[in-house]
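Trainee: just a sequence and a predicted model for now, questions to come.
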Amino acid sequence: MRTFPAIGGMRTVGDFKSHLALLQLSIPCDEELQTGPTSTLAQPLEFNGKKIGNRFCIHPMEGWDGTTDGKPSDATIRRWRNFGLSGAKLIWGGEAVAVRHDARANPNQLLMSEKNKKGLAELRDTVLEAHSEILDTTDDLIIGLQLTHSGRFSRPNIKSKPEPRILYHHPTLDARVGIDKDYPVLSDGEIRQIIDDFLFAVRVAAELGYDFVDIKHCHGYLGHEFLSAHTREGDYGGSFENRTRFLREITAGIRSLAPKMEIGVRVSGFDLVSFRPDPETTTGKQMGSGIPDRYESFLPYKFGFGVNADAPEAYDLNEPRRFLTLLRDLDIKLVNITAGSPYYNPHIQRPALYPPSDGYQPPEDPLIGVARQMEATRILKSEFPDLILVGTAYTYLQEFLPFVAQAAIRQGWVDSVGLGRMVLSYPELPLDIISGKVLAHKKICRTFSDCTTAPRNGLPSGCYPLDLYYKKSEDGVTLKQLKAARRAT
Ligand SMILES: Cc1cc2nc3c(=O)[nH]c(=O)nc-3n(C[C@H](O)[C@H](O)[C@H](O)COP(=O)(O)O)c2cc1C
Ligand code: SF4
């Protein structure tokens with residue numbers, strides 16, 4: 001099994017840069033950090049006449065901890081409070097909120113409905129309240145709501161039971177969600193109904209005062225699956241025009257029904273084939289390194305978006321470029337670039353030293369995964385300077401995150417640095433960086449992946465190793481279960 005040097009063991013920026021050089025990675029990294037209101041990371045961004053007060057964004061992250069009818073629980077509210085306390089001025093959706101019951105990725109996902117309005121309003125209020133406790137103003141704080149349909153990865157009723165809603169049959173992913181070639185695909189009529197559900201959700205988000213909605217197009221969920229529906233027939237598959245009809249129809253609906261609502265799109269800007277643990281290196285105790293599923297018999301590869309069709313272990317940005325051009329034409333300026341999927345290629349989506357329980361050992365130094373996402377975003381940013389691009393996959397940088405974030409913003413690789421796992425373990429990191437505090441090393445996410453392993457095993461997500469809330473509030477039974485799941489990796 002290959003092992004990779006842990007970032008936590010690198011003492012200085014020089015050590016980190018030497019490691020980057022060894023890997024021949026061109027991740028930008030400053031030597032000195034600026035602090036205070038004039039620092040690079042504290043500079044505001046202009047967004048359609050509003051101000052986004054600094055260059056940190058909190059990525060959406062669900063906790064699998066809503067009530068079964070889709071309302072936030074105390075744990076959900078606490079997480080959103082932490083988002084507000086982070087000091088980041090762009091809150092990208094908080095977490096994925098399903099637009100209808102059968103679209104939920106788990107039975108505890110938040111659900112948009114008339115009777116859940118109060119809870120969804122409370123989440124926004126909580127962010128605003130927390131933010132105003134630590135900073136002078138919330139006028140430059142932009143809060144969105146991420147709207148989703150989980151599509152192929154829907155599990156609305158029982159945690160262990162997939163109830164996929166698919167757009168086309170996929171040669172490697174169908175088996176993973178337990179379906180065969182006769183399983184029905186969503187009809188065009190059902191898709192139109194889902195579009196109406198999105199529009200209902202947008203109207204509620206507007207009523208509750210959210211600044212924007214994210215029409216989620218990433219991570220293998222329904223919006224993302226549209227973009228790769230090359231083999232689907234009818235109005236929503238085949239040509240690029242058809243594969244983006246879902247987004248265009250939702251956008252047209254928003255412009256007419258809630259014209260003041262801003263729109264963002266989180267998109268997997270590229271993808272690769274699905275991966276699995278190598279049986280050759282899997283032992284009774286440990287899963288093997290990630291290897292790609294066999295794809296040779298179905299080349300050119302028609303089952304991904306932003307994938308090189310002839311060599312699908314590499315990305316191809318041609319269609320993502322067309323997609324960003326479309327966003328520009330639709331006057332959608334706020335774009336969050338992510339990659340891949342946590343279900344079938346997690347090392348692409350969230351680079352980590354330790355895999356989640358349904359993953360595989362990292363097949364590459366996770367820094368390569370960070371560099372891959374940063375580079376794709378850099379290329380897109382250079383071609384779409386008028387869009388606001390948020391970047392992803394910075395958490396693995398750990399102690400060196402501030403140095404890389406500052407360099408990436410300074411050199412125009414990206415407009416806003418998105419933080420995912422890091423804010424689960426260390427919510428106030430953005431504030432600490434901007435105010436020049438010494439970082440709290442004990443809170444830095446070491447990518448143990450327990451926040452992914454927990455939900456894969458039917459538990460709420462959270463930073464079990466580093467967040468005292470989970471250590472203290474668990475009754476011991478769940479922690480025991482988590483440890484058992486972790487041991488299996
Ligand atoms: C526990 C957990 C829940 C997540 N939930 C969502 C989600 O609801 N919507 C989404 O777009 N991404 C979700 N993500 C992905 C993150 O937003 C982010 O893209 C990913 O963690 C990589 O960023 P990082 O390296 O800063 O962690 C989730 C990630 C984690 C770890
Ligand atoms: S469980 Fe905590 S330390 Fe582990 S990846 Fe998630 S946030 Fe990071």
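Mentor: Received the coordinates, thanks. Since we're looking at a predicted model, the values are computed, not measured. Ligands and ions are numbered 1, 2, ... in the order given.

Trainee: show me what contacts Trp92?
Mentor: 57-60, 144, 146, 214, 264, 266, 336, 390, 418 (CB atoms under 8 Å, 6 or more residues apart in numbering). For glycine as for every other residue, the C-beta is placed from the backbone atoms N, C-alpha and C.

Trainee: sorry, wrong one. I was asking about Met10.
Mentor: 16, 19, 399-400.

Trainee: that older thread, contacts with ligand 1 among the contacts of Trp92, please.
Mentor: Near ligand 1, taking CB under 6 Å from any ligand atom as the test, the members of these found are 59-60, 146, 266.

Trainee: could you single out the nearest of the residues you listed to Lys89?
Mentor: His59 (13.9 Å; CB to CB).

Trainee: the closest one and Thr392 touch, don't they?
Mentor: Yes. Contact status for His59 versus Thr392: in contact at 6.6 Å, counting by CB atoms under 8 Å.

Trainee: so what sits against both of the two?
Mentor: Listed as contacting both His59 and Thr392 by CB under 8 Å, 6+ apart are 336, 338, 418, 420.

Trainee: on that earlier part again, what's the closest of the contacts of Trp92 to ligand 2?
Mentor: Sorting these by distance to ligand 2 puts His59 at the head of the list, at 12.0 Å, by CB to the nearest ligand atom.

Trainee: how confident was the prediction at the closest one?
Mentor: pLDDT for His59: 98.

Trainee: residues near it, how many?
Mentor: For His59, the neighbour count with other CB atoms under 10 Å is 28.

Trainee: for the longest helix along the chain, buried residues please.
Mentor: Longest helix in the chain, counting residues (DSSP state H): helix 188-207. Within helix 188-207, the residues scored as buried using 16 or more other CB atoms under 10 Å are 191, 194-195, 197-206.

Trainee: can you check stretch 157-169 too?
Mentor: Buried residues in stretch 157-169 (16+ other CB under 10 Å): 163-169.

Trainee: who are the contact partners of the residue of the stretch 1-150 of the chain found nearest ligand 2?
Mentor: Proximity of the stretch 1-150 of the chain to ligand 2 (CB to the nearest ligand atom) peaks at Met61, 9.1 Å away. Counting by CB under 8 Å, 6+ apart, Met61 touches 79, 95, 420-421, 423-424, 451, 461.

Trainee: among those residues, which ones lie close to ligand 1?
Mentor: Contacts with ligand 1 within the contacts of Met61, counted by CB under 6 Å from any ligand atom: 95, 420-421, 451, 461.

Trainee: ranking those residues by neighbours, who comes first?
Mentor: Greatest neighbour count in the ones next to ligand 1 among the contacts of Met61, by other CB under 10 Å, goes to Cys451: 27 neighbours.

Trainee: now that residue: how far from Asp102?
Mentor: Counting by CB to CB, to the nearest Å, the separation of Cys451 from Asp102 is 25 Å.

Trainee: how about low-confidence regions in the stretch 1-150 of the chain?
Mentor: Scanning the stretch 1-150 of the chain for pLDDT under 70 picks out 1.

Trainee: spell out which parts of it neighbour ligand 1.
Mentor: Counting by CB under 6 Å from any ligand atom, the stretch 1-150 of the chain sits next to ligand 1 at 59-62, 95-96, 146.

Trainee: so what's the nearest residue to Gln349 once chain neighbours are set aside up against?
Mentor: Spatially, and ignoring its direct neighbours in sequence, Gln349 is nearest to Gly340 (4.1 Å; CB to CB, 6 or more residues apart in numbering). Contact analysis of Gly340 by CB under 8 Å, 6+ apart lists 219, 268, 270-272, 346, 348-349.

Trainee: ok, the contacts of Met61 vs Arg176, which is closest?
Mentor: Nearest to Arg176 among the contacts of Met61, with distances taken as CB to CB, is Ser461, at 20.3 Å.

Trainee: which residues touch that closest one?
Mentor: 61-65, 451-452, 454-455.

Trainee: now do the strands in this structure.
Mentor: Ranges of strands within the chain are 45-47, 50-52, 56-58, 90-91, 96-98, 142-148, 212-215, 262-268, 275-277, 290-292, 334-338, 388-391, 416-419, based on DSSP state E.

Trainee: I'd like to know which of the ones you listed is closest to Ser132.
Mentor: Of all the strands of the chain, strand 142-148 sits nearest to Ser132, with 12.7 Å by CB to CB.

Trainee: need phi/psi at Leu439.
Mentor: Main-chain torsions, Leu439, degrees, to the nearest 10: phi -70, psi 150.

Trainee: thanks again, I'm all set now.
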